[in-house]
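> Sequence first, then the predicted structure:
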Amino acid sequence: MEMTRLLVGLLILFVAAISARSEYFSETVPRVQLTEKVTHLHFYLFDILSGERPSAVEVAHSNVTIGDQSATPFGSVYAVDDPLLEGPDPSSKVIGNARGLYVSASEGRDLCLVMYIDYGFTAGKYKGSSISVFSRNPVTEPRREVAVVGGRGKFRMARGFAKLRTHYLNVTNGDAIIEYKVTVYHY
């Protein structure tokens, strides 16, 4: 015990004796002129809440019961790992996945989600790249738009929008297939 105290004391003295030194590094480099590109993407997102292997699961919910019989009641938070497919058929080629969170943010009958999701592409010419959406998604509207707020890989510094259309919705269990037509501005 005495030896431990001695070692701790010596360590404190040693650390206190070392002079703290830090430097701020900054370098100004000439700005490179980048050419903005526009990319149009078209895919289908499969958001499955039912069955033995759902792609979206509830991770939190409100402690207030308001009698909502919805598959996604107000205040519920979901973690998602939804597949992105080339077409609306479940046997279509998988081109990526949508990973992130969404919260049911409407008390009324107009189901509205606020979502932060990263759409990562795992196949094709955009493999290894992704776009990020952080937006309000009024699900009960047949056609709606969400904001693309960023990206990585080939979509670095992305901005844009995605037009969504519900291809299929099961209002009992919440399963949905959503068509995405995305316009991305990037460098």
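It's in.
> okay, CA-based contacts and neighbour counts for the rest of this
Will do.
> gap between stretch 47-57 and the chain center?
Chain-centre distance of stretch 47-57: 17 Å, with C-alpha atoms, centre = their mean, to the nearest Å.
> 544 is where my numbering starts, stick with that
Got it, the first residue is 544 from now on, which makes the last one we talked about stretch 590-600.
> Look up which helix or strand the spatially most central residue of the chain falls in, please.
Geometric centre of the chain, nearest residue: residue 660, 1.6 Å, by C-alpha atoms, centre = their mean. If you go by DSSP states H and E, residue 660 is part of strand 655-664.
> And the contacts of that strand?
638-649, 670-683 (C-alpha atoms under 8 Å, 6 or more residues apart in numbering).
> quick one on the thing from earlier: how about the spatially closest residue to the residue nearest to the centre of the chain that is not a sequence neighbour, what does it touch?
Nearest residue to residue 660, sequence neighbours excluded (C-alpha to C-alpha, 6 or more residues apart in numbering): residue 643, at 4.2 Å. By C-alpha under 8 Å, 6+ apart, the residues touching residue 643 are 622-624, 658-661.
> can you tell me which residues contact residue 679?
Residue 679 neighbours (C-alpha under 8 Å, 6+ apart): 655-658, 689.
> so what's it bridging to?
Using DSSP bridges, the bridge partners assigned to residue 679 are residue 657.
> in the sheet, who's paired with the residue nearest to residue 660?
What pairs with residue 643, by the bridge criterion (DSSP bridges), is residue 623, residue 660.
> Kindly report the same for residue 590.
In beta-bridge terms (that is, DSSP bridges), residue 590 pairs with residue 719.
> Isn't it up against residue 622?
No - counting by C-alpha atoms under 8 Å, residue 590 does not reach residue 622; the two are 10.8 Å apart.
> coming back round to it: please tell me how far the residue nearest to the centre of the chain sits from residue 690.
Residue 660 sits 11 Å away from residue 690, taking C-alpha to C-alpha, to the nearest Å as the criterion.
> intersection of neighbour lists for these two?
What both residue 660 and residue 690 touch, as defined by C-alpha under 8 Å, 6+ apart, is the set 676-677.
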